[in-house]
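A.B. asks: here is my input; please provide its structure:
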Amino acid sequence: MKVGREACVASLVVSVFILLWMGMVRVEATPFRKFLPHALYGRRGPSLSHDYRDALTKSILFYEGQRSGKLPLNQRMRWRADSALSDGAAEHVDLTGGYYDAGDNVKFGFPMAFTTTMLSWSVLEFGGRMGDNLDHARAAIRWATDYLLKATAHPGVIYVQVGDPNMDHKCWERPEDMDTPRNVYKIDAEHPGSDIAAETAAALAAASMVFRATDPTYSGHLLQTAMRVFDFADKHRGAYSDSLQSEVCPFYCSYSGYNDELLWGAAWLQRASRNVSYISYIQSNGQNLGAEDNVNIFSWDEKHAGARVLLAKEVLLRNSKSLQEYRGHADNFICSLLPGTQNSQAQYTPGGLLFKMSDNNLQYVTSTTFLLFTYAKYLTVSKQVVRCGNIIATPTRIRTLAKRQVDYILGDNPLGMSYMVGYGAKFPEHVHHRGSSLPSIYQHPRIIPCNDGFQSLYSNAPNPNRLVGAVVGGPDNNDRFSDERNDYAHSEPTTYINAPLVGSLAYLAHSSYA
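C.D. replies: Got it, this is the predicted structure:
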């Protein structure tokens, strides 16, 4: 039966009045609330009380399931074993270690570097709230940076990928059984890749600050390598997917080009080194590198929004006059996400989830949410707000939107389902992930050949190995999720979905706001 709009509104008003009278809802005295019907208070299903500390622990544990190489004795994801121990041998270099980016067995350098940058940023902003998880977060970062140092050890060459993705995707096999080609791909002066090189520089620079107090020698090595790699990226300009078209496309093409990574890399080097030459670089090149581009997406491919927030910190907390414009750019990014503002570009599902793309949408949700929490932190410290036309976005309001996104992922959604494996009472059981979906080598020691594994891909049985902490691609634009292993667009986890979520969960886990 259809109900008229007036009846719905009247019913809503009465319901809210009752809840207010019972003390169950706290409303800020602000006209802003009415502009967030879905983003904050969409059709959520039952409201849940979340254990953010548990979710934080699991979000970091996930990385142990993605490890490549010789596993350490303290490995907690016990169904995994050593894999890819000869990576790099074809080029007479050691490229063992690092992470598999998602549910396959290829080591893609571009998303790995972005993952490292975001894990490091999570620790830098919210590491003080991580408690016992801080050491595990550092270990997750170091597993990546040890690999990135190997990949950049030879000046003038950066190894950017291990594994033939086309051959890899023709098999469904455990990383421990891999028999597909472990081809090595690189960039150099004749085959440039400014995007991946600058992102790698950003990752090493950010990580150098993570280890500055605990391992200053390692930290210094990371920073010096970052500076050298960035110089290479800037001097030999070009997109790495132009140099390695068939090897990296359509998997991780550099769709946005490399200007955003150059700006992003320079921003991180400025923060890590405090060398004024990077401020000069940003001032001289920022406009040409797209600093003013109207882009409100933040991902492994598009870094402008992240660079704006990072540089706006210099304005808000250090009163940098030379970077003043980036405060405005960062404010515009925040306004573009808020429903009801004049410049809003955001779309939300009926249940309140930020929706950017049909494939792997939660990667955009977690990355954007991290920027919201981080910028709210900068605003709080500097006692500032964001003005979106006639709407004032306080740090509290920005955090409210961000928290709503995290809560949706953890189960406050129309399906009442957590999209983090192993968290909550209901979560994905058919994750698009080779190692998780096939019997562990400890349970099934015999090799499972390339084609035999496809029986598991199409099976209706739950994954035998739980990839605890993995956040999958998530629901569609109508909050629907089928939990089908063959639906990689929605059921595949990635390292770069989790990386920014680590920071958001750390904030919520140890915050009176939660």
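A.B. asks: check contacts around L508.
C.D. replies: Neighbouring residues of L508 by C-beta atoms under 8 Å, 6 or more residues apart in numbering: H50, Y52, K403, V406, A514. Placement of C-beta: from N, CA and C, glycine included.
A.B. asks: quick check, pLDDT for it.
C.D. replies: pLDDT recorded at L508 is 97.
A.B. asks: which SS class is it?
C.D. replies: Per DSSP: H, G, I helix; E, B strand; the rest coil, the secondary structure class of L508 is helix.
A.B. asks: distance check, it against A305.
C.D. replies: Distance, L508 to A305, using C-beta to C-beta, to the nearest Å: 21 Å.
A.B. asks: tell me where the model's unsure across this structure.
C.D. replies: The chain contains residues with pLDDT under 70 at 1-48, 512-514.
A.B. asks: apply 50 and report the result again.
C.D. replies: 1-41, 514 (pLDDT under 50).
A.B. asks: strands of that one, start to end?
C.D. replies: For the chain, applying DSSP state E gives strands covering 107-108, 157-162, 184-188, 386-388, 391-393.
A.B. asks: which helices and strands does the longest one pack with?
C.D. replies: With contacts taken as 3 or more C-beta pairs under 8 Å, 6 or more residues apart in numbering; DSSP states H and E, strand 157-162 sits against strand 107-108, helix 109-126, helix 133-151, strand 184-188, helix 194-210, helix 245-248.
A.B. asks: for the ones you listed, which one sits closest to G422?
C.D. replies: helix 133-151 (15.3 Å; C-beta to C-beta).
A.B. asks: distance between that closest one and the chain's centre?
C.D. replies: Relative to its chain's centre, helix 133-151 lies at 16 Å (C-alpha atoms, centre = their mean, to the nearest Å).
A.B. asks: quick check: buried residues in it?
C.D. replies: Across helix 133-151, burial judged by 16 or more other C-beta atoms under 10 Å covers 133-134, 136-138, 140-145, 147-151.
A.B. asks: with stretch 457-465 instead?
C.D. replies: Buried residues in stretch 457-465 (16+ other C-beta under 10 Å): L457, N463, N465.
A.B. asks: first vs last residue of that stretch, how far apart are they?
C.D. replies: 14 Å (C-alpha to C-alpha, to the nearest Å).
A.B. asks: quick check: domain ranges of the chain?
C.D. replies: 5-32, 52-509 (automatic domain parsing).
A.B. asks: and those, which is most packed in?
C.D. replies: domain 52-509 (a mean of 21; mean count of other C-beta atoms under 10 Å).
A.B. asks: measure it end to end?
C.D. replies: Start-to-end, domain 52-509 (C-alpha to C-alpha) is 5 Å.
A.B. asks: looking at the strands of the chain, which is closest to D483?
C.D. replies: D483 lies closest, by C-beta to C-beta, to one member of the strands of the chain: strand 107-108, at 25.5 Å.
A.B. asks: picking that back up, nearest to E484 among the buried residues of stretch 457-465?
C.D. replies: Nearest to E484, judged by C-beta to C-beta, of the buried residues of stretch 457-465 is L457 at 10.3 Å.
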